[in-house]
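Colleague: 3D model of this:
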Amino acid sequence: MRRTAALAVASLLLPGALLAAPDDPAAKIGTATITEGQLVQALLRRYGYVTLSTMMAREAIAQAAAQAGLTVTDAEVEARIKEFADWKDRHAILTGETYAMYLVGQGLTKELYAEAMHYDLLLEKMVAPQVQVTDQTVAQYYTGHAQEFVVDEAMRASYIRMANLDQATKVHDQITAGQLTFDAAVTQYSEDDLTKGVGGKYDGWVRRMDNPFSMALFGLQMDADISPVVDMRPLGYYIIRRDRYVRNYTLPYEEVRDDLRKQLTDEQTANLKDAQRRQILAAVKAQVLYQFPAGAFAPNTGGAAAGGGGAAPAAPGP
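Modeller: A predicted model of the protein is given here:
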């Protein structure tokens, strides 16, 4: 039993790795050898309980979805991931984090994220009939939270992103010398696929903040002014144009309506998914049978698992 579970965890965390024997060497450091068995035990202590909890929660969600006649296709997963990835990449000029950086920060590969998204979409389909965000809901939120839509100071901007400093400098000099228009430079030279087709326009308001993009933008004195080349590595080199400046400006309802509807829908959906997941886990008959090593990390028991079996743990999400 212990051998089988150890192999399962090892193969999950180290894809393609099959243990020939626990005494086989996994690594050498100086005169010492770390065996595969030691590696597996370390993985079990650190990640085994969380991994098993997640596997159990996902299986419970899959069973509940099957009973409800719900499925999720690979195409649906890919479409949702692309939507999220585009959003992350579009706003990376302000957050400093692209989709690829997000995955690294979360300790995920594209494949692991897609797997988690599959179960998240199953939950979303379960609760979809309960989500109620009407035109009236959106309008009432806008009028009831008016101060949220007042911008103290903000700008609209367009930009050109390039990977090479020398090339960016050359393009910048041509623009400022009047040899090349900013719009033409976007079309010819920008390497930002998300904005290249719309004249380099960033689809949001940029507020004053401690960020290279924002600081360069707010350093421009007049609309249509062009910034020097801004070093925003690893994102690239940017040439920024100030398009519009506002102060004490109330965002029109028509401008924020669609984003506000999505925000309210996402919030309501997230709350319903969390409640649905808890309901599924509370109703399913499940038990942990595996005997974890002494000192194994178990987040819902104050840090360390007792090492025995028991009821199914509360999984940390799908």
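
Colleague: and the strands in the chain?
Modeller: 25-29, 32-35, 150-162, 206-207, 230-231, 237-250, 287-288, 297-298, 303-304, 310-311 (DSSP state E).

Colleague: so which bits of the first one are buried?
Modeller: Going back to what we said before, that points to strand 25-29. Ala26 (16 or more other C-beta atoms under 10 Å). Bear in mind the C-beta positions are built from the backbone N, C-alpha and C, glycine included.

Colleague: what does that strand rub up against?
Modeller: Thr33, Ile34, Thr35, Glu36, Gln38, Leu39 (C-beta atoms under 8 Å, 6 or more residues apart in numbering).

Colleague: possible to save the strands of the chain as JSON lines with mean pLDDT and distance to Ala100?
Modeller: JSON lines is the format used below for the strands of the chain (pLDDT from 0 to 100; distance: least, C-beta to C-beta, whole Å):
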{"stretch": "strand 25-29", "mean pLDDT": "94", "distance to Ala100": "28"}
{"stretch": "strand 32-35", "mean pLDDT": "96", "distance to Ala100": "31"}
{"stretch": "strand 150-162", "mean pLDDT": "97", "distance to Ala100": "15"}
{"stretch": "strand 206-207", "mean pLDDT": "96", "distance to Ala100": "23"}
{"stretch": "strand 230-231", "mean pLDDT": "98", "distance to Ala100": "19"}
{"stretch": "strand 237-250", "mean pLDDT": "97", "distance to Ala100": "18"}
{"stretch": "strand 287-288", "mean pLDDT": "88", "distance to Ala100": "35"}
{"stretch": "strand 297-298", "mean pLDDT": "82", "distance to Ala100": "28"}
{"stretch": "strand 303-304", "mean pLDDT": "45", "distance to Ala100": "32"}
{"stretch": "strand 310-311", "mean pLDDT": "44", "distance to Ala100": "39"}
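
Colleague: now the buried members of the contacts of strand 25-29.
Modeller: When these are checked for burial by 16+ other C-beta under 10 Å, the buried set is Thr35, Glu36, Leu39.

Colleague: and those as JSON lines, adding distance to Gln188?
Modeller: Shown next, in JSON lines, are these (distance: C-beta to C-beta, whole Å):
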{"residue": "Thr35", "distance to Gln188": "58"}
{"residue": "Glu36", "distance to Gln188": "55"}
{"residue": "Leu39", "distance to Gln188": "52"}
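
Colleague: which residues touch the residue nearest to the spatial centre of the chain?
Modeller: Taking C-alpha atoms, centre = their mean, the centroid of the chain lies closest to Tyr102, which sits 5.5 Å from it. Counting by C-beta under 8 Å, 6+ apart, Tyr102 touches Lys88.

Colleague: go with 10 Å
Modeller: Phe84, Ala85, Lys88, Asp89, Ala92, Thr95, Leu108, Tyr113 (C-beta atoms under 10 Å, 6 or more residues apart in numbering).

Colleague: what is the end-to-end distance of stretch 88-98?
Modeller: Stretch 88-98 has an end-to-end distance of 5 Å (criterion: C-alpha to C-alpha, to the nearest Å).

Colleague: per-residue confidence averaged over that stretch?
Modeller: Taken as a whole, stretch 88-98 has a mean pLDDT of 96.

Colleague: repeat that for stretch 140-147.
Modeller: Computed over stretch 140-147, the average pLDDT equals 97.
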